Each structure stands twice: as C-alpha cells, then as structure tokens.
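Trainee: Let me see the structure of the following:
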Amino acid sequence: MTAEHARHGRSPFFTAVLTLIGAFLLYLVVPNAGPVLRAARGDGDHGVFTARSVSCIQHPGHESCSWLGEFRSNDGRIDRAEVALYGSDRDSLRPGMGTEAIDVGRPNLVYGPGGSSEWVFMALVLLAGLGVLVFAYAGPVRRLLGASAPEETAVRSVSHG
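Mentor: The predicted structure follows:
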C-alpha cells in the first residue's frame, strides 16, 4: 500500500471490488428498467392469458407458485406460448381459464391488469449500486477537487485565523 493510500485508509483493491459490486448491481437493474416501469404503470399490449399449468417452488417457510400458459393480445398481433403470469398463485386460476393480462415486452412473463410492484425492488437495487459507487469514489473525487485549489484554502485559513 502506498503512503497516499495508507493516509486515506483504502487500498486500490478495495476500491476495485466496490466498483465491481456497484457495476454488477447496476447491470442487474438497467436492462430490466423499461419492462419493470411499464409493468408498474400497466403499460403494454393488453390481452388474455389462458392458464395451462401451475408451477410451484418450495422455499423454507413458504411456497411460490406461478401459472404457465399462453398470451394473446386483444388485437391479435401477439400470440405467445409458454409464458408465466406474474403474481399468480395456485388458487387464482384453473387450467383453461382466461384472465386479463398485459405484455410489457419481457420474453417469458406477462402481468395482470394491476401491473406490478417490482419497481420497488428495482429502485432499491439501483440505490444500492449507486451508493456503493458513491462510497468508493466520493472521497477520491473530493480529494482531487480539493487538491486543485490549495492556495484558496490557505488564504481562507490565514484571513480567518
């Protein structure tokens, strides 16, 4: 570790790790931002989801289920098989039953007419990624900006002290 890094208490390796973590979190959020925001607003191609089968996953303490089936837009332009209905549970539908749905552009997922609240989690991950990057670089940027005007700092301390 150089004397400069020892004085400020952060190694270049630590900053690189923080950069990778922050960039990874942003990588998870940015590509999905458009569809997630469209789902939150209920903005997309409206149509009918027809349930075919339910798929459940056991988690410690609870079970998560989704209905799989087909989606057909009201105007007939979109007809997709093998999509899941976001937010559905085991008891919400029966095989062959249709329900209103919205296609927001996700390859294997459609949403109910109420949209989704996925944007909350997306916003938290975005804030976490930005927070990690600010933590990693706020100090070095502040030091860089402060180092560019040492005379002003010296004049201020002499005139006030």
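Trainee: in the top helix by length along the chain, what counts as buried?
Mentor: The residue-count maximum for a helix in the chain (DSSP state H) belongs to helix 118-147. Buried residues in helix 118-147, defined by neighbour count with 16 or more other Cβ atoms under 10 Å: 118-119, 122, 126, 128-129, 132-133, 136. To be clear about C-beta, it is placed using only N, CA and C from the backbone, and glycine gets the same treatment.
Trainee: Adding distance to residue 20 and pLDDT, write those out as CSV.
Mentor: Output for these, formatted as CSV (distance: Cβ to Cβ, whole Å; pLDDT from 0 to 100):
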residue, distance to residue 20, pLDDT
118, 25, 80
119, 25, 86
122, 20, 88
126, 17, 92
128, 14, 94
129, 11, 93
132, 9, 91
133, 10, 91
136, 10, 87
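Trainee: Those residues into CSV, with extra columns for distance to residue 71?
Mentor: CSV is the format used below for the buried residues of helix 118-147 (distance: Cβ to Cβ, whole Å):
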residue, distance to residue 71
118, 18
119, 21
122, 22
126, 28
128, 32
129, 32
132, 37
133, 38
136, 42
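Trainee: Which member of those residues is positioned nearest residue 41?
Mentor: residue 119 (9.1 Å; Cβ to Cβ).
Trainee: Test my guess that that closest one contacts residue 40.
Mentor: Yes - using Cβ atoms under 8 Å, residue 119 is in contact with residue 40, at 4.3 Å.
Trainee: okay, and the helix or strand of this protein with the least pLDDT?
Mentor: Here the helix or strand of the chain ranked lowest by mean pLDDT, DSSP states H and E is helix 3-8, holding a mean of 50.
Trainee: what's around residue 26, how many residues?
Mentor: 17 (other Cβ atoms under 10 Å).
Trainee: my bad, residue 52
Mentor: Counted with other Cβ under 10 Å, residues neighbouring residue 52 total 16.
Trainee: where's the nearest residue to it once chain neighbours are set aside, which helix or strand?
Mentor: Nearest residue to residue 52 in three dimensions, chain neighbours excluded: residue 69, at 4.2 Å (Cβ to Cβ, 6 or more residues apart in numbering). Using DSSP states H and E, residue 69 maps to strand 62-73.
Trainee: For that strand, which strands pair with it and how are they oriented?
Mentor: Strand 62-73 sits in its sheet next to strand 45-59 (antiparallel), strand 79-86 (antiparallel), going by DSSP bridges.
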